Every structure is written in structure tokens, then in C-alpha cells.
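K.L.:
structure of the sequence below:
(chains A and B)
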Protein chains: 2
Amino acid sequence: MNEPDFLAALKSLPLHPGARGLLDDCAVLGIGGETLVLTHDMMVEGTHFRPDADMADVAWKLVATNLSDLAAKGAEPVGVLLGHMLGKEDSRFIRGLGEALEAFGTPLLGGDTVGGEGTRSFGLTAIGRALHTPVPSRSGARAGDAIYLTGAVGRAMLGFEGDPRHRAAFDRPVPRLAEGRALAPLVSAMMDVSDGLLLDAYRMAEASGVTIALEPSAIPVADPSRAAEAWRWGDDYELLFTAPPSAGLPVAAHRIGMVAARGPAPLLLGEEALGAPENLGFRHQ
Amino acid sequence: MNEPDFLAALKSLPLHPGARGLLDDCAVLGIGGETLVLTHDMMVEGTHFRPDADMADVAWKLVATNLSDLAAKGAEPVGVLLGHMLGKEDSRFIRGLGEALEAFGTPLLGGDTVGGEGTRSFGLTAIGRALHTPVPSRSGARAGDAIYLTGAVGRAMLGFEGDPRHRAAFDRPVPRLAEGRALAPLVSAMMDVSDGLLLDAYRMAEASGVTIALEPSAIPVADPSRAAEAWRWGDDYELLFTAPPSAGLPVAAHRIGMVAARGPAPLLLGEEALGAPENLGFRHQ
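P.N.:
Below you'll find the model as predicted:
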């Protein structure tokens, strides 16, 4: 099966109401008067990190990408569970893990450590506490909203290519936790940009049943000469959100377009209609 | 690093109080007025399942082993997050996953699906709600308690070897959820037997600071002619627990020994003192 087929099959299984139909990045679980936000991401050698990557960076990124999902929900991290496959540079892994946990004020709750031969993979489950309910989703964008991005895209792309000014953006991304918390009460939809701005905006438009019209010249990119690539590269972990244009924003953000009633295509990039998700970003498999 | 070194390094990181010092199988998280129990286990091809295993069995076992950790806490499953690496027989995986979720009344909360080449691995995070607090731990066994086992060990060993009467015990273990819930209010310590009875009893003795004296003839085994192996094989997922001898047990269980004040060795098997964990069971790496 490819990923879309597998996801479709998962949706036929018994789902928790908090699974949000497996359409969101996180599960949302009401418990004891609180609302928990839960997410799990894996990183596989050769797919999500190069075999020669510094394992400290891999561990950092494993934490950061999961916490970025919590950020998009305006949630405060409670703790993480680690699934670790033993192998080379485990002391570097521990180093980077500890640095990320310290940096984001997130303690370790538990997990599993296993042996194995061959391709290494790691998993992390992050648990957060929602500070605002209802918890933002991808599906709340409404016609008339403006759409915003918290920072430039393309930095991780340049860092991946070796640009020393942007290495940290790729190796050590920083989840927008404070921004997500401040934004949660006023956004109509929010998600983190992990797989590419165009693809993630397309997904938000699909989930919300609207058309999102992006204004190319308004999208902040790290290198304007490579904008078309930057819009499609992922790994920047900025927040993409919609809100009424009249909403006063508590954090710095770039207004990059508008939300309209659903037209023929879910996504417009200037005059160009983008009617299918192919070639919009990074899709695993 | 080997597993003990890695675990020791993890313990130097910021730990959540609910991590119980990484000495237990689950994290225990008070949230609102409820107590959540969280566990994460991985299964790696070649280490935890054979490359020719039926992927439906692998998926079932991934769910069952995690829920067995919840069972040992007397917790009711709330839901699971799945980390899945795509590959062959994914439709069988979905089949077994669905069967396990149905069988144990546990819905899917979310997770991650990734591509990758080479060794496959899967992770599962199970979230449960404690029905009794304090949540049982490994560390509560007290001198004078009796120690019990809910069923025979060695069935999974025979099933792994191909004995048709015991194949299901290896391929499709059933977590003792109902037993765990009934026992939680009266046990002093409880854990599931995943890595071998002797090794897990040794760990309970160490965590509790006591000596556990097992009576070999009282330990139920699937094939008495192979008792010494059965005591060391894992994967049976029975519950091992201690309670005052006067406690009336709400479930069927075999009394297999006594707890005494810490003597020279943490574990006694009849007259034999077992002072180190080597050769007591299955240790990954």
C-alpha cells in the first residue's frame, strides 16, 4: 500500500472521537476537565535523516517536529515518550535529546529502547495540554478570513544544501510554541508547515472546504530567487493560520493571502489554480 | 551503547515525575481529576518478529503487548497512537490491527505513517485511564506478601516452536485487562511477564528492595518437562503480583512463592540464590 491507501484503510478501523477522523496532526482528548493534545511522529534513517547525520540533530528534530504539532494546537508540552532503536552515536542522540527537552521545557515521560539490525528508526509521542478550547484544527478556515504565516519558508532548504546561515533551520528547528499559544484563541484554522507551504495550504483548504488564494509576492522566502522551490520545501515549521482580517495579531506574522468560498480549485497561487496536491510539496512515498 | 547504558543516560535527562524514574513499564500522569497511564513499545523486524511473520499477527501483538502494560496498572484503555513504516502485507497489518482494537475495545487516536527502505519497525503508544489509585507499581512488594501468577508460562515458547496447541499464545497474546483491573485495588506490586518470569520477578524484587522466594513446584508451566526454559522465556503476558496472603483474590491466580526481607540475593528459586539478572530471561541487546 502507499501512504494514502494505508491512511484510508486506517480510517475504516474503530476511531476515537478525538482522532478527528485522522484528518488532523494531533488527537484531542478531553480528560478530567482538561484537554490533552497527542501526536506521534517517526523518523526513519534514509527517509527522514541521512545516515551520516549528527544523531544529536536527529534527536533534537524528533522532539521539535512533534512539539511543532502541539504548537499548532496552542498546547503546552506536558512530556514525551521515546521509541529508540539502539545504534551508533547513541551518546550524541542523548545529548541532542537532552538539549531539546531543556530548550522546550519538556520532560521525558518514558518509552522503549530496542535493539535491531539495519535501518534505524525512532518514534516520539508528545503530550500537550490545550490552553484554549476549542483546539484549533485545519478545518476552520472561512471565506473572508485572511491567511498568515509566522516566518519565511525556504530556510530549511538552504540549510539542507549547506548554506551555513541556514544550517540551524534544517538541523535544529524551533517549534513556534509561544506563537501557537498566543494565536490559538483567535485563529479560525492553524497548522504547522512541515511538508511545504503549498501542500499544507492545499490541505487546509481541503479540510475547510474553501479556496485559499495566496499572493506570491507576499510570501516571505529566505532566498527570493528560489521562491518556487521554497514554497514546496518543507521542514520550516512555521505556523500557517487563518483569522478574520480585523483580528489584532499578538505575534509577528505575514499576511500571505485570503480565504474565499470554494471555487473550482482549493488553492490559488496568484492567478494559477492548483487543483491537485501533486508537485506542491513533500509527500512521503 | 547497550540498553542498560542507554537507559542510565536517559535517567540523567529531565524526567517527568510521572516517569517514575524510568523504572516502571508505564508513565502515570495526573491530569484534571483523572490519572492517565501511558506506555510506548516498539517492534523491530528481525528482533521482535520474523521477516516471514504474518503481519496481522505483528499488528495484533503490537497492540496486545502495550495493552498488557496497561493491564498491569489496572487501567482501562482509552486509545492508541500508531507509528507505522509502510511495506509488504500492509493490508494484513490493517486486518490484525483492526481485530485487536475490536477485541480489546480500544479505538485508534492517531499516529504517523512513514516510508522507508530496509528493516521495518513499528511503534505503539497506548493511553489508559487508571481505575484505581495509587496505580500499582513494581516497587511495592513487602516482606510477608505472597506472590502470584495469573496463568502458566511457557505457552508462547511452545507456540513459537510450532506447537499448534500454543500457536495463538505466541501469535495472538491476550492482555489480562480484566484481571488487572480487578487486582489493582488489592495488590502491593504488579507487572506483566513479558521478558521471562525469573527476570521479571528479579526486577520486581530489585525495585521493591526485597527478596522474592519462588517455589519451583508451584509455578504453572505449559510443559513441565521444560520448566526451566519456560521460567526464562517471555511473551506470555501473564500478570505477576504480590498481595498479603490474607487477601481474597477476585481472579484465578497461582500462588508461586513469598516475599521476604532482602537477603543476600533478590531472588530465590527453591534453594537456589539468583543474585544477578543474567540468564534469567530475555534481555534485548
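K.L.:
for residue A:28, what are phi and psi?
P.N.:
Main-chain dihedrals, residue A:28, degrees, to the nearest 10: phi -120, psi 120.
K.L.:
can you tell me which residues contact it?
P.N.:
Counting by Cβ atoms under 8 Å, 6 or more residues apart in numbering or on different chains, residue A:28 touches A:18, A:20, A:35, A:36, A:37, A:38, A:73, A:130, A:135. All C-beta spots, glycine's among them, are computed from the backbone N, C-alpha and C.
K.L.:
could you pick out which of those residues are near chain B?
P.N.:
A:18, A:20, A:36, A:38 (Cβ under 8 Å from any Cβ of the partner chain).
K.L.:
surely residue A:78 is in a helix?
P.N.:
No. For residue A:78, which was evaluated using DSSP: H, G, I helix; E, B strand; the rest coil, the result is strand, with no helix membership.
K.L.:
check whether it really touches residue A:125, as I assumed.
P.N.:
No. Judged on Cβ atoms under 8 Å, residue A:78 makes no contact with residue A:125 at a distance of 10.9 Å.
K.L.:
can you list the contacts of residue A:28 in CSV and add pLDDT?
P.N.:
Below are the contacts of residue A:28 laid out as CSV (pLDDT from 0 to 100):
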residue, pLDDT
A:18, 96
A:20, 92
A:35, 97
A:36, 97
A:37, 98
A:38, 98
A:73, 98
A:130, 97
A:135, 97
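K.L.:
okay, the residues you listed in a markdown table with neighbour count and distance to residue B:210 next?
P.N.:
Formatted as a markdown table, those follow (neighbours: other Cβ atoms under 10 Å in any protein chain shown; distance: Cβ to Cβ, whole Å):
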| residue | neighbour count | distance to residue B:210 |
| --- | --- | --- |
| A:18 | 22 | 41 |
| A:20 | 20 | 46 |
| A:35 | 22 | 41 |
| A:36 | 26 | 36 |
| A:37 | 27 | 40 |
| A:38 | 29 | 36 |
| A:73 | 29 | 44 |
| A:130 | 23 | 42 |
| A:135 | 23 | 45 |
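K.L.:
secondary structure added to these, as a markdown table?
P.N.:
Below are the contacts of residue A:28 laid out as a markdown table (three-state DSSP):
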| residue | secondary structure |
| --- | --- |
| A:18 | helix |
| A:20 | helix |
| A:35 | strand |
| A:36 | strand |
| A:37 | strand |
| A:38 | strand |
| A:73 | coil |
| A:130 | strand |
| A:135 | coil |
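K.L.:
name the residue most distant from the centre of chain A?
P.N.:
residue A:117 (30.0 Å; Cα atoms, centre = their mean).
K.L.:
skipping its backbone neighbours, what lies nearest it in space?
P.N.:
residue B:46 (5.7 Å; Cβ to Cβ, 6 or more residues apart in numbering or on different chains).
K.L.:
residue B:97 versus the one you found, what's the distance?
P.N.:
As defined by Cβ to Cβ, to the nearest Å, residue B:46 lies at a distance of 21 Å from residue B:97.
K.L.:
ok, back up a step: so how many other residues sit close to the residue nearest to residue A:117?
P.N.:
Using other Cβ atoms under 10 Å in any protein chain shown, residue B:46 has 14 neighbouring residues.
K.L.:
touching, residue A:189 and residue A:205? I think so.
P.N.:
No. If you go by Cβ under 8 Å, residue A:189 and residue A:205 don't touch, sitting 9.5 Å apart.
K.L.:
so what's in contact with the two at the same time?
P.N.:
residue A:141.
K.L.:
got any ranges where chain A has weak pLDDT?
P.N.:
A:282-285 (pLDDT under 70).
K.L.:
hang on, the earlier thing: from residue B:233, how far out is the residue nearest to residue A:117?
P.N.:
19 Å.
K.L.:
for residue A:278, same thing?
P.N.:
Residue A:278 is 50 Å from residue B:233, by Cβ to Cβ.
K.L.:
which of these two has more neighbours?
P.N.:
residue B:233 (25 against 9).
K.L.:
where exactly do the helices run in the stretch 51-200 of chain A?
P.N.:
Assigned by DSSP state H, counting those that start in this stretch, the helices in the stretch 51-200 of chain A fall at A:55-71, A:90-103, A:155-160, A:167-171, A:177-183, A:197-208.
K.L.:
can you give me how far the longest one is from the chain middle?
P.N.:
So the one you mean is helix A:55-71. 10 Å (Cα atoms, centre = their mean, to the nearest Å).
K.L.:
what are the ranges of the strands in chain A?
P.N.:
A:27-31, A:34-44, A:75-85, A:108-114, A:121-130, A:146-149, A:189-192, A:210-214, A:239-243, A:254-261, A:267-269, A:272-274 (DSSP state E).
K.L.:
in TSV: those strands, plus distance to residue B:179.
P.N.:
TSV is the format used below for the strands of chain A (distance: least, Cβ to Cβ, whole Å):
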stretch	distance to residue B:179
strand A:27-31	24
strand A:34-44	27
strand A:75-85	25
strand A:108-114	23
strand A:121-130	26
strand A:146-149	53
strand A:189-192	42
strand A:210-214	51
strand A:239-243	46
strand A:254-261	53
strand A:267-269	53
strand A:272-274	55
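K.L.:
against residue A:72, how distant is the closest residue to chain B within chain A?
P.N.:
Taking Cβ to the nearest Cβ as the measure, chain A has residue A:32 as its residue closest to chain B, at 2.5 Å. Residue A:32 is 23 Å from residue A:72, where distance means Cβ to Cβ.
K.L.:
over to residue A:18?
P.N.:
On the measure of Cβ to Cβ, residue A:18 and residue A:72 end up 16 Å apart.
K.L.:
what residue spans form the domains of chain A?
P.N.:
Domain ranges of chain A: A:3-130, A:146-271, per automatic domain parsing.
K.L.:
check whether the last one comes near chain B.
P.N.:
What it means is domain A:146-271. No. Using Cβ under 8 Å from any Cβ, domain A:146-271 stays clear of chain B, coming no nearer than 11.2 Å.
K.L.:
from the middle of its chain, how far away would that domain be?
P.N.:
On Cα atoms, centre = their mean, the centre of domain A:146-271 falls 10 Å from that of its chain.
K.L.:
quick one: end-to-end distance for that domain.
P.N.:
17 Å (Cα to Cα, to the nearest Å).
K.L.:
the residue lying closest to residue A:227 once chain neighbours are set aside - how many residues pack around it?
P.N.:
Distances taken as Cβ to Cβ, 6+ apart put residue A:221 closest to residue A:227, at 4.7 Å, once the chain neighbours are dropped. Neighbour count for residue A:221, taken as other Cβ under 10 Å: 22.
K.L.:
for residue A:221, give me its contacts.
P.N.:
Contacts of residue A:221 by Cβ under 8 Å, 6+ apart are A:152, A:153, A:154, A:227, A:230, A:231.
K.L.:
bridging residues for it?
P.N.:
Taking DSSP bridges as the rule, residue A:221 bridges to residue A:153.
K.L.:
so the residue nearest to residue A:117 sits right up against residue A:118, yeah?
P.N.:
Yes. Contact status for residue B:46 versus residue A:118: in contact at 7.1 Å, counting by Cβ under 8 Å.
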